[in-house]
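In: Compute the structure for the input listed below.
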Amino acid sequence: MLSRRGPPEAVLSWVARMHESNVDLDVVAANTALKAYCSSGKLSEGCQFLTDMMRESRRLPRPDAVSFNTLIAALAQAPLDPFPSCPVLPCPILPHPIPANSLLSYAFHMHIPSHGTGG
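Out: Have a look, this model is predicted:
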């Protein structure tokens, strides 16, 4: 059984076996795989996985808010050098609600200036 608490490598192996067997993942299983990529430090692969979910390719479900939040939180914790390239974020179709602390942390890591009017 797939577990969110299992070792990331076991989760990714399980997902690969499902893919080879032409079994479709539901969004919970796909989010668990995304979390496994992120927790094992494979952020570029996680970004690609989320991109594939957005394109509904590889027989993956459409991402939900949990999908985006998982990747945003992982990127917010990523070291700056080298920072993983992620063409998905920032993107104009981010779902709501996004945890403000994850988004602010991501912006801080990316040195995105605020657009506030304060001095």
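
In: for Asp26, what are its contacts?
Out: Applying CB atoms under 8 Å, 6 or more residues apart in numbering, we find Asp26 in contact with Pro61. Glycine gets a C-beta too; all of them are placed from N, C-alpha and C.

In: Next up, phi/psi of it, please.
Out: With angles defined as degrees, to the nearest 10, Asp26 sits at phi -90, psi 180.

In: gap between it and Met54?
Out: 16 Å (CB to CB, to the nearest Å).

In: what about the helices in this structure?
Out: Assigned by DSSP state H, the chain shows helices spanning 8-20, 27-39, 43-54, 65-77, 100-110.

In: Reformat those helices into JSON lines and put mean neighbour count next to each item.
Out: Converted to JSON lines, the helices of the chain look like this (neighbours: other CB atoms under 10 Å):
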{"stretch": "helix 8-20", "mean neighbour count": "15"}
{"stretch": "helix 27-39", "mean neighbour count": "21"}
{"stretch": "helix 43-54", "mean neighbour count": "20"}
{"stretch": "helix 65-77", "mean neighbour count": "20"}
{"stretch": "helix 100-110", "mean neighbour count": "15"}
